[in-house]
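Peer 1: for reference, the sequence and a predicted model appear below.
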Amino acid sequence: MAKTNLNFHGSTCTKDCSGHKAGWNWQKKNPGQVPQSRSQSFMNGAMTRSSQLSVGRNMIAPSIRDMTTGRFVKFKPI
């Protein structure tokens, strides 16, 4: 896998953060549930969403940051 400089709420992405974003969105639609048999990036995204809620942060959308520039980037589906 190609290494990228993208970061999803503190978790480094290996490609385009699509797995993280999918897990984050799944957890948003299924609060309190634990996803089964998914990729590690999906699980990281779901855990990120759960962690945000546990500390009282109800983010309305996932964010992906380019660690080279420090800027947030728009998610681009592959």
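Peer 2: Sure thing, it's come through.

Peer 1: okay, now the unreliable bits of the chain?
Peer 2: Counting by pLDDT under 70, the chain contains low-confidence ranges at 1-4, 37, 55-65, 67-68, 70-78.

Peer 1: the strands in this structure, which residues?
Peer 2: Taking DSSP state E as the criterion, the chain contains strands spanning 6-8, 11-12, 64-66, 72-73.

Peer 1: and the first one, what other elements does it pack with?
Peer 2: Under the contact criterion of 3 or more C-beta pairs under 8 Å, 6 or more residues apart in numbering; DSSP states H and E, strand 6-8 touches helix 18-29, helix 40-54, strand 64-66. Placement of C-beta: from N, CA and C, glycine included.

Peer 1: how does it look with 6 Å?
Peer 2: Under the contact criterion of 3 or more C-beta pairs under 6 Å, 6 or more residues apart in numbering; DSSP states H and E, strand 6-8 touches strand 64-66.

Peer 1: run through the bridge partners of the nearest residue to C13 once chain neighbours are set aside.
Peer 2: The shortest distance from C13 to any non-neighbouring residue, by C-beta to C-beta, 6 or more residues apart in numbering, is to L6 (4.2 Å). Beta-bridge pairing for L6 (DSSP bridges): D66.

Peer 1: close enough to count as contact, L6 and G19?
Peer 2: No. L6 lies out of contact with G19 (C-beta atoms under 6 Å); the separation is 11.5 Å.

Peer 1: ends of stretch 27-43, what's the gap?
Peer 2: This stretch, stretch 27-43, spans 9 Å end to end (C-alpha to C-alpha, to the nearest Å).

Peer 1: ugh, wrong one, stretch 10-26
Peer 2: The straight-line separation of the ends of stretch 10-26 (C-alpha to C-alpha) is 18 Å.

Peer 1: buried sites along it?
Peer 2: Using 16 or more other C-beta atoms under 10 Å as the burial criterion, the residues of stretch 10-26 that qualify are 13, 16-26.

Peer 1: same list (those residues) but as CSV, adding distance to S51.
Peer 2: What follows is the buried residues of stretch 10-26, written out as CSV (distance: C-beta to C-beta, whole Å):
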residue, distance to S51
C13, 17
D16, 22
C17, 16
S18, 20
G19, 17
H20, 13
K21, 15
A22, 17
G23, 12
W24, 11
N25, 15
W26, 15
